[in-house]
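A.B. asks: The sequence and its predicted three-dimensional model are supplied below.
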Amino acid sequence: MRSLLILVVLMVVAAAAWWQLEARLPSHWHPWKPLSVGDPLTPVTRWKLQRLSDDREACLAVLGTASEKSLRMTPLDDHEPVPGCPLSNVVRLHGSDVEFNASFVARCPLALAWVMFERQRLQPAAVAHLGSRVARVEHYGSYACRNVYGREEGRRSEHATAEALDVAAFRLEDGRRITLLEHWGDAGARGAFLHEVRDGACDLFGTVLGPEYNQAHADHFHFGMRGFHLCR
């Protein structure tokens, strides 16, 4: 009986402590409160993004916290562009605070991760190292119905479900163009910018691959939603 009483007291104390903590915990640290595009990044941000993978309405609601001027996108119905590679919970991203060389289809959490990355990691890195904001992003696309590395057998690539974006270059507002192929090994500001972009992306994307991973990524970053923290 005494052990049961102690257990009940401990449970009451724990519940009271959690209530006090929850009341004071900022929303961007609270694992159960919804994301906002402007939330500072924390260790729980990536987990919150993963939770939106199968919740279309909640994900679109978070994207809706960005102004129409800074995010131009079109929600898409679930469909199967290529047999064997159906798409669900997807949007077409036309532009954000940057222009793209082409619009692209992305699962909603990928689009959301990109917008947060762009605001909180990409642009600050560009200003800090190059003194100019990024105006345009050049990419190789997001959706491709294929296996990893295009192999005939094996697991499907993140691109098969539009959960990854391959980024090759950045055009600055002052006209300069920074590419991974040309400037990853640059000992100056351009190389420092690209390395900080890679590191910053790891705060949001589950898989970030670049030139240091293998030759197949010598000319682009792979920003993918799967995985926990593969950052190469």
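C.D. replies: The structure has been received and is ready for your questions. Numbering: from 1, shown residues only.
A.B. asks: what helix or strand is the spatially most central residue of the chain on?
C.D. replies: By CA atoms, centre = their mean, the mean C-alpha position of the chain lies nearest to A113, the distance being 2.8 Å. Here A113 sits within helix 108-117, counting by DSSP states H and E.
A.B. asks: Could you list everything the nearest residue to C202 once chain neighbours are set aside pairs with in the sheet?
C.D. replies: Using CB to CB, 6 or more residues apart in numbering and skipping the chain neighbours, the partner closest in space to C202 is C231 (3.8 Å). Placement of C-beta: from N, CA and C, glycine included. For C231, the residues forming beta bridges with it (DSSP bridges) are V208.
A.B. asks: again, but for H222
C.D. replies: H222 has these beta-bridge partners by DSSP bridges: D166, L209.
A.B. asks: G175 belongs to a strand?
C.D. replies: No: note on G175: no strand contains this position according to DSSP: H, G, I helix; E, B strand; the rest coil, which reports coil.
A.B. asks: Just read off the phi/psi values of it.
C.D. replies: In this entry, G175 is assigned phi and psi values of phi 100, psi -20 (degrees, to the nearest 10).
A.B. asks: Straight-line length of stretch 73-91, end to end?
C.D. replies: 7 Å (CA to CA, to the nearest Å).
A.B. asks: Contacts for that stretch, please.
C.D. replies: By CB atoms under 8 Å, 6 or more residues apart in numbering, the list of residues contacting stretch 73-91 from outside reads 53-56, 59-60, 63, 92-94, 105-109, 111, 143, 145, 156, 160-162.
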